[in-house]
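what follows is a protein structure lacking sequence information:
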């Protein structure tokens, strides 16, 4: 491919990203200025809304006896958020491929204005909507119909047809499902026209529901944070640092691509943007060391898409998940971290194995080779220094808050300023990192020391963000606000300060103006990147509203149960396939909303009926992982098309290869559903370390088995042994359960005696039969944590249960047993939360028993791996 054609491809790639993320229209004159101004105002409003400033200002006004409300409530903020998104969507995204891109037609101005007004309908008619709550009038219905139509058209322009088609199908089902015969499994009785419009546009159960609320409250600030970080130059810094440290290894550019994509994905909300940001630099270098176009593109796709499952942002799905799962943010990312981290380790190992199979080398290194011992000592010293600083800061801040609570905020700001000046002074001693031309060949790697030191100040806002999230336990929105504030200060001041410390003769005022311009550009870029996410969360809210109104989730559970015939593994495979299909063509945020609202309840309900009771966070992560895989999977894998545009390879072949590389991401959700230790649920530090070691070893062994290469090319039986060993490391319980069972079954009539002997805090599993909320007879399992109590009766009462021996018998597994009925369940009791209700019959009771530790299975697993290593080395000799 010639240099000219490469440049054309690069320009087309940028057009693809622009049209996908921020709109492909680029008008001139007043229209352009209006779009830029609206985007900046949107960013400023979101910063104001998530900051503590409105509450401070409200307190000041109250002290001045001024009756003026400056705090924007959540519902009004959602309306303003969607109004901005719809207005910018119609101005930024052309209606069709042949629509004008350098001017805005009059009809788009009309749609933008009317759409924004209807999105803000709640604000303009607040008093009337409150008085007629649940009883919309003709004006409300007309506004709702027009609003839904304009929202769907904005979604079609900004995101394409897939989400629009899904939303329309669900709206039609909402209305027409009431006319289906009652014998049909998907029929319902909730679908009058006014009821649908009220649900979708007037209340906060549809378009203006939780999803749009999360986009308003949390997601915008994180997208803005990522945009400002990129404007500051952090994206280039991450890429250069990864190449400086990894580029010389075997297949080094591929390994560097994985790490740089992981760093970029930490704050990125788009798989495609991640591919383009890092891929324009990494893919040509991977091809240069010998990887084919398809393999180079596939490595970039797999690593970029994995950025969406990597905390802290997880493609903005993390913030939706904390609302759906009702879990603190810090706890959620603790659960999500290990699977994502070991998935990246496996991807680095995939690149290594590909390089070993092909005999590839890395790029020429420019730094001297340090002895291994010296390198290890440096790593340990860095870890100790960082840990020591974290401890000092943690206790130092606590001391400051206790001694000077009124001045603590000001003191922290001064200390941050001093740290920032110290970092900038250090950075000034090294040259700035230049942006590389993606079309020019790269012959040598950057030097490590100047590269890593040239952007140390970029780490400060990231540290502030993570500190506020994990240590101070602030809300995600407030944490992102403080991180964004620090980043804004860096953007404005970094150039003048660097010039000052370098004693350059440059004009500090001009440098300051350049920083302000970059900040304004970042505010615009962040808002324009949010258009698609804002529209997506609102449109996905339609689906959530229909599911809530019709109970379709439970009906879908029945369909999946019939198809899976009660087999849990088959049920999970079906859910994974449905999640993959539903996620095709959708951005990460909308993807998660759709698959979680439809598929999560399927796993919960069908699993309970077949003895699989897992934490809700594991269920949501399961469907999220498979929804994300749609970005990889042909024929709709958009990330694969973006990577192929850079590499010059086949998009379909790139997608197939990327899916093959992503096999370890595919297997992980199945593993943590059956072994929640991988999510570090109820796992202490010691066990957590053991889980990390075993899981990392397991994923590497599984990777070697599926790649067909370990020390050398695998024989078929060697791959089989490695897969078995990996399964033992991931799910030791499935094997140990046959050797030393962890529970024993007792007759329901003996529940009172048996629960007395169970240690407090352990789990009691019971199987019951009864009716679901829709009147259908079902059997399901419930897990109860045994409470404190002197007798069995006291413990059963503490669970909120009243049991009744009916004196009758029932047949269970070919034997007769006494019929025990749940006579009463107290409201909001542990039993009620576990799904138990009055008039249910207890069919089975299982209590825990002393058993051998399942971790003993690690011993034969490691022996099997060592045997394969020995055999392959013997064969190599």
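Right, received. Where do you want to start? Keep in mind the model is a prediction, meaning the values are calculated, not measured. Numbering: from 1, shown residues only.

residue ranges for the helices of the stretch 451-600 of the chain, please.
Counting by DSSP state H, counting those that start in this stretch, residue ranges of the helices within the stretch 451-600 of the chain are 459-470, 476-502, 508-550, 552-564, 568-582, 588-595.

and the ones you listed, which is most packed in?
For those, the largest average neighbour count (mean count of other C-beta atoms under 10 Å) is found in helix 588-595, namely a mean of 30. For the C-beta atoms, the positions are set from N, CA and C on the backbone; glycine is no exception.

what sits up against the helix or strand following that helix?
Per DSSP states H and E, the first helix or strand lying C-terminal to helix 588-595 is helix 601-609. When contacts are taken as C-beta atoms under 8 Å, 6 or more residues apart in numbering, the neighbours of helix 601-609 outside the stretch itself are 553-554, 556-557, 560-561, 564, 566, 568, 571-572, 575, 612-614, 616, 619, 622-623, 673, 778-782, 835.

mean confidence score for helix 601-609?
pLDDT averaged over helix 601-609 equals 84, rounded to a whole number.

isn't residue 572 up against residue 623?
No: under the criterion of C-beta atoms under 8 Å, residue 572 makes no contact with residue 623, lying 10.2 Å away.

low-confidence stretches in the stretch 601-750 of the chain?
Counting by pLDDT under 70, the ranges of the stretch 601-750 of the chain that qualify are 635-637.

measure how buried residue 332 is and give me the count.
Using other C-beta atoms under 10 Å, residue 332 has 23 other residues around it.

tell me what whichever strand or helix holds it is packed against?
Counting by DSSP H and E, the element that carries residue 332 is helix 329-358. Counting contacts by 3 or more C-beta pairs under 8 Å, 6 or more residues apart in numbering; DSSP states H and E, helix 329-358 packs against helix 252-265, helix 293-306, helix 317-325, helix 459-470, helix 616-628, helix 663-674, helix 685-707.

6 Å - rerun?
With contacts defined as 3 or more C-beta pairs under 6 Å, 6 or more residues apart in numbering; DSSP states H and E, helix 329-358 has these neighbours: helix 252-265, helix 293-306, helix 317-325, helix 663-674, helix 685-707.

let me know the pLDDT of residue 51.
91.

and stretch 824-839, end to end?
Looking at stretch 824-839, the gap from its leading to its trailing residue is 8 Å under the measure C-alpha to C-alpha, to the nearest Å.

avg pLDDT for stretch 788-805?
In this model, stretch 788-805 carries a mean pLDDT of 88.

regarding residue 862, which helix or strand does it belong to?
helix 858-876.

and the angle for that helix with helix 685-707?
Using axes from the mean of the first three to the mean of the last three C-alpha atoms, to 10 degrees, the inter-axis angle of helix 858-876 relative to helix 685-707 is 40 degrees.

just the mean pLDDT for helix 858-876, thanks.
Helix 858-876 comes out at a mean pLDDT of 92.

for that helix, name the packing helices and strands.
Contact analysis of helix 858-876 by 3+ C-beta pairs under 6 Å, 6+ apart lists helix 716-730 as its packing neighbours.

for the helix it packs on, buried residues please.
Within helix 716-730, the residues that qualify as buried by neighbour count (16 or more other C-beta atoms under 10 Å) are 718, 719, 721, 722, 723, 725, 726, 727, 728, 729, 730.

OK, contacts around the last one?
Right, residue 730. Residue 730 is in contact with 671, 698, counting by C-beta atoms under 6 Å, 6 or more residues apart in numbering.

the one 10 residues further on now?
If a contact means C-beta under 6 Å, 6+ apart, then residue 740 has 851, 852 as its contacts.
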